[in-house]
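Participant: with the sequence up front, the predicted model follows.
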Amino acid sequence: MAPCAPKMISNKVEIDKLNDSDQPWTAIVNVKEKQNPFSHYTKTQKMVFSDEMGAKVEGILFGQAVSIMGPRFQTCRKYRVSNAPIRYIKPEYRSRGLSKQWVIGIGTVVEEVNEPITILVTKEQYTPFDSLNDFTGVQDGFVGKCIWFT
């Protein structure tokens, strides 16, 4: 008898309420950002997922998962993801203010959801150009230069 494909878990949760001890779980998410794969010690790819409440979580793929699972995820599309291991990101490795990540492996259950994407108003925090020197700690130099072509 052939092995059965894993089935999607039906109890849908909000991603900001998930913890590393929660199993089983399913979340419906949009892919907000998808980085190109890169190699550090191993091939890696990062993504940012958001749910319909606007909460965000980082998704990370390693090794074979980059080439097998990475192409399945497209930005601005909605997916149902189940039971990916959840890890807390050490403060020195956090980006975009995200403290949790899902490790998407080749065994993670992922299905595309053919529903319209919910357009969300998200809260972003930007630093005004006139405050960049304060933000970077550079007091006596330029943070960057702008060149205008007309």
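Facilitator: In hand now; what should we look at?
Participant: pull the contacting residues for Ala55.
Facilitator: Contact analysis of Ala55 by C-beta atoms under 8 Å, 6 or more residues apart in numbering lists Glu14, Ile15, Asp16. Any C-beta I mention is one placed from the backbone N, CA and C, and that applies to glycine too.
Participant: swap that for Lys43, sorry
Facilitator: Neighbours of Lys43 in contact, by C-beta under 8 Å, 6+ apart: Pro37, Phe62, Gly63, Val66, Ser67.
Participant: identify the residues contacting the strand or helix carrying the fourth one?
Facilitator: It stands for Val66. Assigned by DSSP states H and E, Val66 falls within helix 64-68. The contact list for helix 64-68 (C-beta under 8 Å, 6+ apart) reads Pro37, Lys43, Thr44, Gln45, Ile104, Gly105, Ile106, Thr108.
Participant: will you turn those into JSON lines that also has distance to Gln74?
Facilitator: Shown next, in JSON lines, are the contacts of helix 64-68 (distance: C-beta to C-beta, whole Å):
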{"residue": "Pro37", "distance to Gln74": "15"}
{"residue": "Lys43", "distance to Gln74": "19"}
{"residue": "Thr44", "distance to Gln74": "19"}
{"residue": "Gln45", "distance to Gln74": "13"}
{"residue": "Ile104", "distance to Gln74": "14"}
{"residue": "Gly105", "distance to Gln74": "19"}
{"residue": "Ile106", "distance to Gln74": "18"}
{"residue": "Thr108", "distance to Gln74": "16"}
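Participant: what ranges does the protein have for its helices?
Facilitator: For the chain, the helices defined by DSSP state H cover 64-68, 132-136.
Participant: buried ones in the first one?
Facilitator: Which is helix 64-68. Buried residues in helix 64-68, counted by 16 or more other C-beta atoms under 10 Å: Ala65, Val66.
Participant: now that helix: mean pLDDT?
Facilitator: For helix 64-68, mean pLDDT is 92.
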